[in-house]
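*Asks:* Starting from these lines, generate the structure:
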Amino acid sequence: MKNKNLLLFAIAISLSSIAHAQEPDTLPPLQDGKAPQNLVELWAGFDPQKEPLDTEVLKEWEGDGNVYRIVRFRVGVFKGKKSMLEAIYGFPKGATKLPALLQVHGGGQHAELAVCRMDAGRGYASLSINWGGNPLGLDQMTFDGPNTDWGALDATHPPQHNLKMNHYIEGAGLLPDEYTIDSVKSPRNSNWFVVLMGVRRAITFLEQQPEVDPNRIGVYGHSMGGKLTTDVAGIDPRIKAAAPSCGGAGDIEASQTDLAGCVKNAVDPMALSCDSDNAYIPGIKCPILLNLPSNDFNTPFDNVFYNWRNLPDETTRFSVSPHMNHRQIPECAITRYLWMDQNLKHGFNMPKTPQVLVDLKTQNGIPMATVTPDTAQPVPKVDVYYSIDPHVLSRFWRHADAVQNGVTWQAPLPILSTNQPLFVFANVTYPLPDSYQASDKIKDYTFSSREVSETSDELKAAGVKATDTPSAMIDDGTHDWQDWYRIEWFNPYFWTCYTRKLKDPKWRGPDGAKLVFDVLSNGTNSFVITAITNEWGAFPGKPNGTYSVRKELNGTSWQTVSLSVDDLIPAANNPNGKLPPLANWQTITQLCLSQNAQDGTPRNPGDPIWQGGPFAFRNLHWEGGTVTANSMAPDAALSPEALQKGFNDGIKKSLEQEKLDKH
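*Replies:* Down below sits the predicted model:
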């Protein structure tokens, strides 16, 4: 009998294998070898609800009043092999009819247990998918079971089969290789399409869970996950709210020369109509909130506000972290939770998008910005930012003083030259309800206007006058870091602050000048001054790298620090080759004050730490020197070549910083 049972079991396994081998591919073959030319054709053969999920529960446990599971489910069958997507799923134990959130991680990252724990703690069912195939983020828990398996494809990130990175990023991913769906150039070969199929199947997983209300599903993601969030919101009507971060800007064609500041590329026509965010953005009908920093390499600021211009204010919000690159300040990050609560729980009432008008035809020739926020809630703070720099990634955003005038706030925008464009946006800050303050220790939240841009020709035609003048005083230290961004600020090992202010011709260093400022020290301390030059090709033909010097402090009072360009030492390990001595101040794109060097040198256990409270300075200014044509030269726009050269470096730096943040 035992042998008979073994025989029957073997026959069953064999029959199952035959059945699997005969299972048709998820996508129909191309007709006459012709690739899809638009989104309708691209998605015509894919029904995210049709095939069984074949869900596997690989691990289950409870904690914090929640149930957690590591699961895998089927994306589809491609070239005769199943693609299985792993995820972490969590929900409040015993709850029913829950709103659900889908989190889509960024490049090089992984599904996170912490994400599910946070969302479940807020009363959501939460699914964090592991599309990149990297080890799961499980805190201290161990798991040695199977992971995401794309079968005959490779949508992992980084790629597991030595594929080129551009297979994952831009139009080159349309070309065929042994891990693509089609054997001809096709948008179905793009990893964006492959992963989007996985994202849509994840929505199917959520809507089939017994504790989930299928009519209340939201999606959010950062970086590459932000792009995927934007795109799935434009193609899948089951999404009822979306909150992309640092992704989804879309492309600007090189032929659009009338757009100042935008990142322009020669975009492959097939990629533009099937692969780019441009194809998906018009289809967004659900409420969507975009978290974006003002200087993000992955979501160029000007591109966003051009490509998103037709999405209505009624269902669209923006939250801009000033001066940041690929990260958010807490007052902006919290808006994602508010957005989901409003649209999936109907428990929060968001302010409307603030409106900004820029009057160029003023009596004194100085442009005037007028901000009209939603005053249904108290408005304690309005910040106006503007710039004349067409280089969108290294641009310094000046802070303009806004004065309340009834229900509006007004701010003059003096400029140095009418030969450059003008860019303006506003942030409006509101108080958080007590329930959110208790859980996140944040007192306020910030929403942003759309960007207003005016070309040089428009400034001249309106009679705008260049009334601004250069300033030797860079920052007197009384403005609460409004011109800087800070990272790990209360960490004595890693605190860092950056400003792009020295790139603006108003504060650019004169030839021969010294940089002088006072630092408050509480005992024996030291810190590093770093000048980062020519980021993203901001000054064509000039060296790109870091120059730094460590300054020693003694005593418990304000101490004056002074340095010339000769004091700054070129980084020995510059990735772009050996750096020459720093010739002048004029190619600096960021000034950094930090506890440790910012040249990629790892911290050693014996390195000094900052003693006392957070770093404080005052009276950062130039002494001496001569203002020359070079120090007042207008800024150039970002070139496609510089963008491509720096893009992968930007991803690498972002991942390194995220690792540092977890220390």
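
*Asks:* The helix or strand L58 falls within: what's the following helix or strand?
*Replies:* In the assignment (DSSP states H and E), L58 maps to strand 56-63. Per DSSP H and E, the first helix or strand lying C-terminal to strand 56-63 is strand 66-78.

*Asks:* before we move on, the earlier item: export the strand holding L58 to PDB, keeping only CA atoms.
*Replies:* Taking Å, rounded to 0.1, in the frame of the first residue of the first chain, the C-alpha atoms of strand 56-63 are listed here in PDB:
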ATOM      1  CA  GLU A  56       2.000  31.000  -0.800                       C
ATOM      2  CA  VAL A  57       2.100  31.900   2.900                       C
ATOM      3  CA  LEU A  58       5.800  31.400   3.800                       C
ATOM      4  CA  LYS A  59       5.800  32.700   7.300                       C
ATOM      5  CA  GLU A  60       3.100  34.000   9.700                       C
ATOM      6  CA  TRP A  61       3.400  35.600  13.200                       C
ATOM      7  CA  GLU A  62       1.800  38.200  15.500                       C
ATOM      8  CA  GLY A  63       3.000  41.300  17.200                       C
END
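
*Asks:* Can you tell me the strand partners of it and which way each runs?
*Replies:* Looking at strand 56-63 with DSSP bridges, its partner strands are strand 66-78 (antiparallel).

*Asks:* what's the offset of the helix or strand just after the partner strand from the middle of its chain?
*Replies:* Downstream of strand 66-78, the first helix or strand assigned by DSSP H and E is strand 81-92. Taking C-alpha atoms, centre = their mean, to the nearest Å, one finds the center of strand 81-92 at 25 Å from the center of the full chain.

*Asks:* and strand 81-92, what's its mean pLDDT?
*Replies:* Averaging pLDDT along strand 81-92 yields 98.

*Asks:* so that strand versus strand 56-63, what angle?
*Replies:* With axes from the mean of the first three to the mean of the last three C-alpha atoms, to 10 degrees applied, the angle from strand 81-92 to strand 56-63 works out at 20 degrees.

*Asks:* on that earlier part again, residues in contact with the strand holding L58?
*Replies:* Identification of contacts with strand 56-63 by C-beta atoms under 8 Å, 6 or more residues apart in numbering yields 67-73, 84, 86, 93, 117, 143, 145-146. (C-beta placed from N, C-alpha, C; glycine too.)

*Asks:* hmm, 6 Å instead?
*Replies:* For strand 56-63, contacts defined as C-beta atoms under 6 Å, 6 or more residues apart in numbering pick out 68-72, 143, 145.

*Asks:* Next up, the contacts around T156.
*Replies:* Neighbouring residues of T156 by C-beta under 6 Å, 6+ apart: 132-133.

*Asks:* Quick one: mean pLDDT over stretch 321-329.
*Replies:* 96.

*Asks:* now the end-to-end length of it.
*Replies:* Start-to-end span of stretch 321-329 (C-alpha to C-alpha, to the nearest Å) is 6 Å.

*Asks:* just stretch 490-503 next, same as before
*Replies:* This stretch, stretch 490-503, spans 27 Å end to end (C-alpha to C-alpha).

*Asks:* Contacts for it, please.
*Replies:* Stretch 490-503 has contacts (C-beta under 6 Å, 6+ apart) with 394, 396, 474, 483-489, 507, 588-595, 609-610.

*Asks:* State the distance from the residue nearest in space to the middle of the chain to P293.
*Replies:* Note on the chain: the residue nearest the mean C-alpha position is C246, at 2.2 Å, using C-alpha atoms, centre = their mean. Noted for C246: a distance of 7 Å to P293, by C-beta to C-beta, to the nearest Å.
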